[in-house]
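A.B. asks: Dropping the sequence and predicted coords here.
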Amino acid sequence: MRQHKLSTARDQIAQNYDPPVEDAAGSTIYSKTTFASCAWPRPTYADPDGYSEVVAVLTDGPGDSEASDASSLDRLKTSGCATVEVLYTYGSQGFSERQPPYILKLGDVISAYTGEPWTGESPYPYPARDEIVVVHNSKIGLDSAHCVEPVGAAQ
């Protein structure tokens with residue numbers, strides 16, 4: 001934990017960009033959150049010292065407004081992990097509700113509202129090989145993400 005500068009065995013490191021930045025592909029990035037964990041005995045998906053992380057990059061989604069429920073994307077990346085558990089919370093006008101945990105695989109494109117494959121409007125947010133894409137708007141946010149299965153184990 002000390003080597004990776006974690007304050008607890010599971011830690012969240014947020015980096016907000018104000019103003020937003022642009023990545024190499026021309027996407028606007030609003031924030032990057034690293035969900036880091038250190039465990040011993042070492043899980044099969046973790047580094048030799050027990051460290052693992054899921055990095056969530058918040059960027060624009062394909063929807064043109066909040067009403068589309070697709071105005072934002074979380075692009076989740078991890079090394080060594082094929083399956084990730086995520087937790088989201090919905091909140092609007094004083095109402096808040098935690099979504100059930102979703103178990104996602106590399107290559108998935110899902111709705112944060114249902115955990116089901118997203119089938120919305122164009123342009124379709126294709127994931128990179130090492131990525132999971134979660135489509136949502138600003139009424140729902142990512143609370144946590146962690147690895148559950150190593151690359152090679154999920155089929």
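C.D. replies: Noted; the coordinates are in hand.
A.B. asks: Strands along this structure, start to end?
C.D. replies: 10-22, 28-38, 51-60, 72-77, 81-92, 95-98, 102-105, 109-111, 131-136, 140-150 (DSSP state E).
A.B. asks: most tightly surrounded among those?
C.D. replies: Stretch with highest mean neighbour count among the strands of the chain: strand 131-136 (a mean of 24; mean count of other CB atoms under 10 Å). Where C-beta positions appear, they are placed from N, C-alpha and C, glycine not excepted.
A.B. asks: ok, and what's touching that one?
C.D. replies: 61-63, 69-70, 72-77, 84, 86, 88, 104-113, 118, 120, 125-127, 142 (CB atoms under 8 Å, 6 or more residues apart in numbering).
A.B. asks: wait, residue 32 sits on residue 20?
C.D. replies: No: look at residue 32 against residue 20 with CB atoms under 8 Å: they stay out of range, at 11.1 Å.
A.B. asks: got a list of what residue 141 touches?
C.D. replies: 88, 89, 91.
A.B. asks: In contact with the first one, which residues?
C.D. replies: This points to residue 88. Taking CB under 8 Å, 6+ apart as the contact definition, residue 88 lies against 98, 99, 102, 112, 134, 136, 140, 141, 142, 143.
A.B. asks: in its sheet, what does the lowest-mean-pLDDT helix or strand in the chain sit against?
C.D. replies: When the helices and strands of the chain are compared on mean pLDDT, DSSP states H and E, strand 10-22 comes out lowest with a mean of 87. Partners of strand 10-22 in the sheet, by DSSP bridges, are strand 28-38 (antiparallel).
A.B. asks: what angle sits between the strand it pairs with and strand 51-60?
C.D. replies: If you take axes from the mean of the first three to the mean of the last three CA atoms, to 10 degrees, strand 28-38 sits at 160 degrees to strand 51-60.
A.B. asks: tell me how far strand 28-38 is from the chain's mean position?
C.D. replies: Strand 28-38 sits 8 Å away from the centroid of its parent chain (CA atoms, centre = their mean, to the nearest Å).
A.B. asks: got the contact list for it?
C.D. replies: Here strand 28-38 makes contact (CB under 8 Å, 6+ apart) with 1, 4, 6, 9-17, 20-23, 46, 49-60, 142, 144-147.
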